[in-house]
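Chemist: Output the structure for:
(8 chains)
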8 protein chains.
Amino acid sequence: MALVGIILGSDSDLPKIQDCFGILEDFGVDFEIIVSSAHRSPDATREWASTARDRGIRLIIAAAGGAAHLPGVVAAHTTLPVIGIPIETQVAGGLDSILSIIQMPSGVPVAAMPAGKSGGSNAALFALEILSLADPSIEKKLSDFRKNVSEKIKSRNQKLNASGYKQYIKDLEKQK
Amino acid sequence: MALVGIILGSDSDLPKIQDCFGILEDFGVDFEIIVSSAHRSPDATREWASTARDRGIRLIIAAAGGAAHLPGVVAAHTTLPVIGIPIETQVAGGLDSILSIIQMPSGVPVAAMPAGKSGGSNAALFALEILSLADPSIEKKLSDFRKNVSEKIKSRNQKLNASGYKQYIKDLEKQK
Amino acid sequence: MALVGIILGSDSDLPKIQDCFGILEDFGVDFEIIVSSAHRSPDATREWASTARDRGIRLIIAAAGGAAHLPGVVAAHTTLPVIGIPIETQVAGGLDSILSIIQMPSGVPVAAMPAGKSGGSNAALFALEILSLADPSIEKKLSDFRKNVSEKIKSRNQKLNASGYKQYIKDLEKQK
Amino acid sequence: MALVGIILGSDSDLPKIQDCFGILEDFGVDFEIIVSSAHRSPDATREWASTARDRGIRLIIAAAGGAAHLPGVVAAHTTLPVIGIPIETQVAGGLDSILSIIQMPSGVPVAAMPAGKSGGSNAALFALEILSLADPSIEKKLSDFRKNVSEKIKSRNQKLNASGYKQYIKDLEKQK
Amino acid sequence: MALVGIILGSDSDLPKIQDCFGILEDFGVDFEIIVSSAHRSPDATREWASTARDRGIRLIIAAAGGAAHLPGVVAAHTTLPVIGIPIETQVAGGLDSILSIIQMPSGVPVAAMPAGKSGGSNAALFALEILSLADPSIEKKLSDFRKNVSEKIKSRNQKLNASGYKQYIKDLEKQK
Amino acid sequence: MALVGIILGSDSDLPKIQDCFGILEDFGVDFEIIVSSAHRSPDATREWASTARDRGIRLIIAAAGGAAHLPGVVAAHTTLPVIGIPIETQVAGGLDSILSIIQMPSGVPVAAMPAGKSGGSNAALFALEILSLADPSIEKKLSDFRKNVSEKIKSRNQKLNASGYKQYIKDLEKQK
Amino acid sequence: MALVGIILGSDSDLPKIQDCFGILEDFGVDFEIIVSSAHRSPDATREWASTARDRGIRLIIAAAGGAAHLPGVVAAHTTLPVIGIPIETQVAGGLDSILSIIQMPSGVPVAAMPAGKSGGSNAALFALEILSLADPSIEKKLSDFRKNVSEKIKSRNQKLNASGYKQYIKDLEKQK
Amino acid sequence: MALVGIILGSDSDLPKIQDCFGILEDFGVDFEIIVSSAHRSPDATREWASTARDRGIRLIIAAAGGAAHLPGVVAAHTTLPVIGIPIETQVAGGLDSILSIIQMPSGVPVAAMPAGKSGGSNAALFALEILSLADPSIEKKLSDFRKNVSEKIKSRNQKLNASGYKQYIKDLEKQK
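Modeler: Sure, this is the predicted structure:
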């Protein structure tokens, strides 16, 4: 059964938050995905949001760009935690997406994640932190995930020390 | 019967767009006002927006600040023209309100008015321009309004020429 | 006879608001297009704007970038509704175009549309919403347009559910 | 026993997020407060953050302004959910606080709340939404809270309709 | 005969650029002032701008705020040098005024002065620099003006050295 | 003899303001170009600026990017009119260059031109407007230049009307 | 003998960086102060900067606002470390001062401190960190300074725990 | 023995500050490089920072992007001078990196370098300026470095004068 509901304002946002899906899968957490707009399919959005708790959903991840109303509109129809991902735009350096999501009025919270590359992964990890409160196995995996990350950094430093920065940068460029 | 529906995200916005009400009254156009939030009273907002056309409303003015989703949410539930007024905030110089209203996605338009003092008056005047298409008497009054404004400017120049700028500035400061 | 007058500050803006023309054609609404600058051809601009109502034009769409004075200058010469499209620039993330159009002084309104991709389409749709007040057939088509959009979203979700997000993203990338 | 740990970068931030404390008290949720800086008392901050889960804390609220590193630094030392409140500053319209909190790198999430007035209340409400997943009584209270808010809006509208906007604005100004 | 034409979008801008008038008077350069808006009195503005050269005006100073189209609109109707002063606003930290004036399209230049306190004085001084090209007596006065300013700075340093910074700051505060 | 002195902070800025050189040549106005930095070659910059008037230079055009101090530093060493061109950067959307040039303190004016494409051409045209005060033949050419521009716009409209917007856009794309 | 040279663009900046003077005095480090502008007294500024090393100055602190060229201009005339303090302005939220100081071109570094309250104190502390490299007694005092700060935070927490947040906030407000 | 410690938040930042390494090598100053994140490897970061002085490190260069906490977190654990390089991002034009590094609170200074190309080179040069206080040979090399740069500019001007700007621009483009 899906514990996490993910809603995107446009299907073109799917590749941009792909890391979100991958991390949830790695942690073995089921999720459902819906593409639905706050403005172009408001009824489907409301229906999906307001019935989420009853479907067993524990929290919602909502991604949108521009006048990114989707996370706020979803939050208006549920008391489940709503995590908002600002999809980066070309206008005002993406401040439109960031400010439309973060500056929610008092009474209806949305948890804003970063715009840009880390939005998807951090939304998944924040969702997992919430789920870990009820599921110690997730907490264990989150700690392991962090350890792995810091081990990976350690091994990068070993490689950097061994090869020197010039060789390391050359290797980096090869990987691209 | 009200031709213009005005919706505000918070009653504290009422004094900030007061010029809007005054101008509509001066032009003899009936309007209705509702305070309703996109997030805190989403059902009332949707109900009000989706029934507006049937109530005889010809266009909607929606004012909100911060993550100002109200005009967009209203526009999602009607094909009436929706005019959005960004209520100025302290954060990011009010860019949160402006960008949340102007950067609407394709398919659901909102007409963004200025943040700050001229938001209320220009929303009223833009509404009147729309109404004037069906009502030549409004068009007449709009032309007169413009003429009055430019006459007022002319008489200010006469006063400025007569008194000199120093005296004029002193008189300005007395009026405050 | 043209009901909508469209003015662009530069012919290089033509492709950027192409969606505007397409939507108006789809709705069967006649329009005229002129390229004229607020600064480089001010007399032609004023002439065009001030005679628009008499030519039968019902509303004006004006697109410009940078110090985007065109919508405001046009609005100074007519009491027809003027819809402004900020053409996105490289400077300040396009805030120059947005703020030059939205922050009009009290007395002469301009309805600001989004910068970026949705500017052209939303200008057309907002124009159609205004025209629909006098023409129920346009209102009908607008409702159908919205229904089509939300049906399209529904069918995307069906495809997404059927194929899974990985396959869906692959298919998206193929379409590019 | 405290379920929520609240950390502030400076004691001068205490009055700015007072609503946070009040709402948690209204919901009967215990919390602990510590003033500790990411930079001026980094060891106390790390100690407090890294032992929070073992003290029974379920989630952390961290408020800071300027180069607001506190929420991120706390998140680096725990896998508990961390909610960040950007304390509004005078510089860059508070964008320094907002961007320092929201733009976290991949791997260590922080949930960013609004800068300005609603930061404190929304942090509390978002915390309660998380806690409600394990405690249906909180979910019940959250639903009631929302209903109360929307009832309050309804009664404001009744008052507005009864008195008219002019009287309502006068009454608003008296309350200040 | 007036050599400098000064146009302001609103009479409320008069006190904000008062330094401009004062400096021109100190240099003995005649000027004319008109209050006229690009939008609210476009015909008076055009008339004034397009006849300026024939009236003997050598350059124009235009001050406006918000969507500050006035300097650009004036420049569209004359080949005299046009100096623009952005009147500071509350929105976007005054970026609306700055960007509306500075980002002129190719072909019609405007010389943008600072927003804020130094806008008025620098517009006057820049005008005088232009006039000095034809009038060596103005060049002489400009050099003296600069020398006086740097002498004043020198004497402040003497006072600062003599009294110490603590006493100097106390004296500064008394002067307010 | 050169009437216009052009200084660039870096030789990489030369192609970015090429239109400036071209327009001055078209008008038959001699100019000198120097590459010199406010920071990396301050003595050469000061020497060049402070002797400009004696070399017969009538006005200076200074282009720089980032912390663009060059126009201000040049202006500190001359009472000739200084025109500043902000070279567009990637940081803060070029606001660093714009604000470093426009926000000069009281006493030492710089005339700021647009960032981006029109910076170079408008600097040249503004310089020509200044020179035209002493040379009616330049004024004549400036008027002709404006007429040509507006004629060109007229002929574009004829082409647009003749071919329709679809064909016109296709032709535009071919020209790229 | 003065080890630190402090230069301010205007004597009105003296009170704004007062903390800088106080901290240097507390650490027993001699300093000299000069008021001199990059633009209004360029020769005095250059003279002061280029002779600083020979006067025994070890590093320079330069404070300025707006188009804040002073730190960069000073750095152009010395290879001593130059620390820049952006004096906060009303325009663009102080971004003018920040970007004019931080975005120095390659080759001439300036160390940018925060705009706002902490600019003065952090400039002093950073200067002391540099001086501590040659003087272990300063390093000792810096460590003690940090310990005192973290002790003060500890004692605030004890008071907060003892009195509760409500009483603490009341006490804070009394102190104002 | 390494005198300069360089820490990067991500190995992908290595190529972006390569100029930093090259300049230090050219000056014959030893340095150590570590990749370590403020958030993903906080313990390694703290360990490295807090032991730096005892390892003989004289100053630290820290580079990070986005919510760039690394320089501040490093500074919290040492009284050595910390120089921060904001790695440019796509969001908000890199303002996230700049503001997260520059706006440090009172008590823990970080010296902010430019975002973009000159960040790496200026960090190295600023480090060398600090080291030059104890090592006159470095001061000598810094003076020579500056002389070389200004000589290079001189020879570019000779080439520019000899070839003319058109040829010079062609040659520039060939070099790309």
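Chemist: how about the residues of chain A that lie near chain C?
Modeler: A:11-12, A:14-15, A:18, A:21, A:33-37, A:40-41, A:43-44, A:66-67, A:89-93, A:95 (Cβ under 8 Å from any Cβ of the partner chain). C-beta: built from backbone N, CA, C; applies to glycine.
Chemist: List only buried entries from those residues.
Modeler: A:11, A:14, A:21, A:33-37, A:40-41, A:44, A:66-67, A:89-93, A:95 (16 or more other Cβ atoms under 10 Å in any protein chain shown).
Chemist: what kind of secondary structure is the closest residue to chain E within chain A in?
Modeler: Residue of chain A nearest chain E, by Cβ to the nearest Cβ: A:Ala92 (10.0 Å). Secondary structure for A:Ala92, judged by DSSP: H, G, I helix; E, B strand; the rest coil, is helix.
Chemist: re earlier: among the residues of chain A next to chain C, which ones are in helices?
Modeler: Secondary structure from DSSP state H places A:18, A:21, A:43-44, A:95 of the residues of chain A next to chain C in helices.
Chemist: of all these, which two lie farthest apart?
Modeler: Comparing every pair within those by Cβ to Cβ identifies A:Asp43 and A:Leu95 as the most remote, at 29.8 Å.
Chemist: Without its sequence neighbours, what residue ends up closest to A:Gly84?
Modeler: A:Pro71 (3.1 Å; Cβ to Cβ, 6 or more residues apart in numbering or on different chains).
Chemist: Same check on A:Ile17?
Modeler: Closest to A:Ile17 by Cβ to Cβ, 6+ apart is A:Gly120, at 3.5 Å.
Chemist: Could you tell me how far the one you found is located from C:Leu133?
Modeler: A:Gly120 sits 43 Å away from C:Leu133 when distances are taken as Cβ to Cβ, to the nearest Å.
Chemist: returning to that earlier point: also near chain H: which of the residues of chain A next to chain C, exactly?
Modeler: Near chain H, judged by Cβ under 8 Å from any Cβ, the entries from the residues of chain A next to chain C are A:92-93, A:95.
Chemist: Any buried residues in whichever helix in chain A runs longest, and which?
Modeler: Longest helix of chain A, by residue count under DSSP H: helix A:136-175. Neighbour-count burial for helix A:136-175 flags A:138-139, A:141-142, A:145-146, A:149-150, A:153, A:156-157, A:160, A:165, A:168-169 (criterion: 16+ other Cβ under 10 Å).
Chemist: helices or strands up against it?
Modeler: For helix A:136-175, the elements it packs on are helix A:118-132, helix H:18-26, strand H:31-35, helix H:42-50, judged by 3 or more Cβ pairs under 8 Å, 6 or more residues apart in numbering or on different chains; DSSP states H and E.
Chemist: for these, which one ends up most surrounded?
Modeler: With neighbours taken as mean count of other Cβ atoms under 10 Å in any protein chain shown, these reach their highest mean count in helix A:118-132, at a mean of 26.
Chemist: Could you check how far it is from the centre of its chain?
Modeler: 6 Å (Cα atoms, centre = their mean, to the nearest Å).
Chemist: I'd like to know which elements it is packed against.
Modeler: Under the contact criterion of 3+ Cβ pairs under 8 Å, 6+ apart, helix A:118-132 touches helix A:18-26, strand A:59-65, strand A:82-87, helix A:136-175.
Chemist: Report the backbone C-alpha coordinates of that helix in CSV.
Modeler: Provided in CSV are the C-alpha atoms of helix A:118-132 (Å, rounded to 0.1, in the frame of the first residue of the first chain):
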residue,chain,number,x,y,z
SER,A,118,18.5,18.4,-4.7
GLY,A,119,14.7,19.0,-4.6
GLY,A,120,13.7,15.5,-5.5
SER,A,121,16.1,13.6,-3.3
ASN,A,122,15.6,15.8,-0.3
ALA,A,123,11.8,15.5,-0.5
ALA,A,124,12.2,11.7,-0.5
LEU,A,125,14.6,11.8,2.4
PHE,A,126,12.5,14.2,4.4
ALA,A,127,9.5,11.9,3.8
LEU,A,128,11.5,9.0,5.0
GLU,A,129,12.5,10.9,8.2
ILE,A,130,8.8,11.4,8.9
LEU,A,131,8.0,7.7,8.2
SER,A,132,11.0,6.6,10.4
